[in-house]
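This is a predicted model, with the sequence first.
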Amino acid sequence: MTTLTLTTLKARYRGSRAFRWVVDLSVMLAIVLVIGAFQTRNHPRGAAPQYTFTTLEQAPVTLSSLAGKPTLLAVWAPWCGVCKAESDNVSRARRWLGDRANVVSVATAFNEVSEVRQYMAAQGVDYPVLLAAEDFQQVMHVEAFPTVFVIDSQGRIVSSMQGYTTTLGLVWRTLWAG
């Protein structure tokens, strides 16, 4: 029976363009999901750590102060080329999400605040930027840039992504956390 089923599937795969599309897309989706899960395996889940950032004006901001709405926390470094490519997506996600969620970015792995300001000017950053101390990458297990964390309205990390993420991916994951 297994041979008959496998033979039938092979015949359907060879004979039906729609069936090939479904199979191929399913395999690609599975590969993407497995790679994403592997990349984020060390990221924290559950209650977000108590962490205090500073604004560009040196005012303190805590992660817990963002509770009450889902939060998209985009972590980047000024020298990161992929972060530059994703910056427009973060901006667009902020516009699309509006008041339904917080969209905040965290600059890390920089030497001087002037590097962050230059990045912001060059990328046309229109979303809030917080500055992280050197220990932030260790606290959040950030191993590559960009990294995005989605925090639900109760302050729990429910999702994370590493590498380039599309606008739709950012918005969908944030709304899902809602």
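Structure's in. What do you need?

need the strands for this structure, in chain order.
Using DSSP state E, the strands found in the chain span residues 46-47, 52-54, 60-62, 71-76, 102-107, 129-131, 147-151, 156-162.

what's the least confident stretch among those strands?
The minimum mean pLDDT among the strands of the chain belongs to strand 46-47 (a mean of 88).

other SSEs contacting it?
strand 156-162 (3 or more CB pairs under 8 Å, 6 or more residues apart in numbering; DSSP states H and E). Yep, even glycine has a C-beta here, placed from its N, CA and C like the rest.

give me that answer again for 6 Å
If contacts are counted by 3 or more CB pairs under 6 Å, 6 or more residues apart in numbering; DSSP states H and E, strand 46-47 sits against no helix or strand.

what's in contact with it?
residue 156 (CB atoms under 6 Å, 6 or more residues apart in numbering).

Give me the distance from that strand to the chain's centre.
17 Å (CA atoms, centre = their mean, to the nearest Å).

again, but for stretch 24-43
14 Å.

Quick check: buried residues in the least confident helix or strand in the chain by mean pLDDT?
Least confident element among the helices and strands of the chain, by mean pLDDT, DSSP states H and E: helix 2-15 (a mean of 70). For helix 2-15, the neighbour count (16 or more other CB atoms under 10 Å) marks no residue as buried.

tell me what it is packed against?
helix 17-39.

And the pLDDT for the residue lying closest to residue 166 once chain neighbours are set aside?
Leaving aside its chain neighbours, residue 166 sits nearest to residue 89 (6.1 Å; criterion: CB to CB, 6 or more residues apart in numbering). Residue 89 carries a pLDDT score of 97 in this model.

Report how many residues lie close to residue 89.
Neighbour count of residue 89, defined by other CB atoms under 10 Å: 20.

I'd guessed it sits against residue 168; true?
No. Using CB atoms under 6 Å, residue 89 makes no contact with residue 168, being 8.8 Å away.

Now do the contacts for the spatially most central residue of the chain.
With distances taken as CA atoms, centre = their mean, residue 148 lies nearest the centre of the chain, 2.8 Å away. Contact analysis of residue 148 by CB under 6 Å, 6+ apart lists 74, 161, 165.
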